[in-house]
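Using only what follows, build the 3D model:
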Amino acid sequence: MGPQQDRSMANGTAAARKEAKVALVHYRECQRNHAASIGGYAVDGCREFMASGAEGTAAALMCAACGCHRSFHRREVEPDCDCSSTTSG
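Just a heads-up that it's a prediction; the model follows:
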């Protein structure tokens, strides 16, 4: 029992470290090709994803501006920056 408890505690600590780092994600312009079925290329011009519903619902994954799923929008992740530390050099 002892070794199993040690592993679970180590995994819990690693999970806590993962949760501490939260990156900010933005969904930008829509990249859905609306003319793919006819062999062309046409985008709708939607510049940024706006959720249609509340967070946690199915409607939150649909864009209110263009009606596309969130996965069609370019994902932009802001890096987690620890700006409190200074480096001297």
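
Do a quick rundown of the helices in this protein.
Secondary structure of the chain (DSSP state H): helices at 2-20.

what about the chain, any weak spots by pLDDT?
Judged by pLDDT under 70, the chain has its weakly predicted residues at 1-21, 81-89.

same thing but at 50, please
The model of the chain has pLDDT under 50 over residues 8, 16.

what about the strands in it?
Applying DSSP state E to the chain gives strands spanning 24-30, 73-78.

Comparing those, which comes out most buried?
Ranked by mean neighbour count, the strands of the chain are led by strand 24-30 with a mean of 14 (mean count of other Cβ atoms under 10 Å). Where C-beta positions appear, they are placed from N, C-alpha and C, glycine not excepted.

tell me what that one is packed against?
Contact here means 3 or more Cβ pairs under 8 Å, 6 or more residues apart in numbering; DSSP states H and E; on that basis strand 24-30 packs against strand 73-78.

What angle do strand 24-30 and the strand it packs on make with each other?
Angle, strand 73-78 to strand 24-30, by axes from the mean of the first three to the mean of the last three Cα atoms, to 10 degrees: 150 degrees.

I'd say Gln31 and Val43 touch.
Yes. Checked against Cβ atoms under 8 Å, the pair Gln31 and Val43 is within contact range at 6.5 Å.
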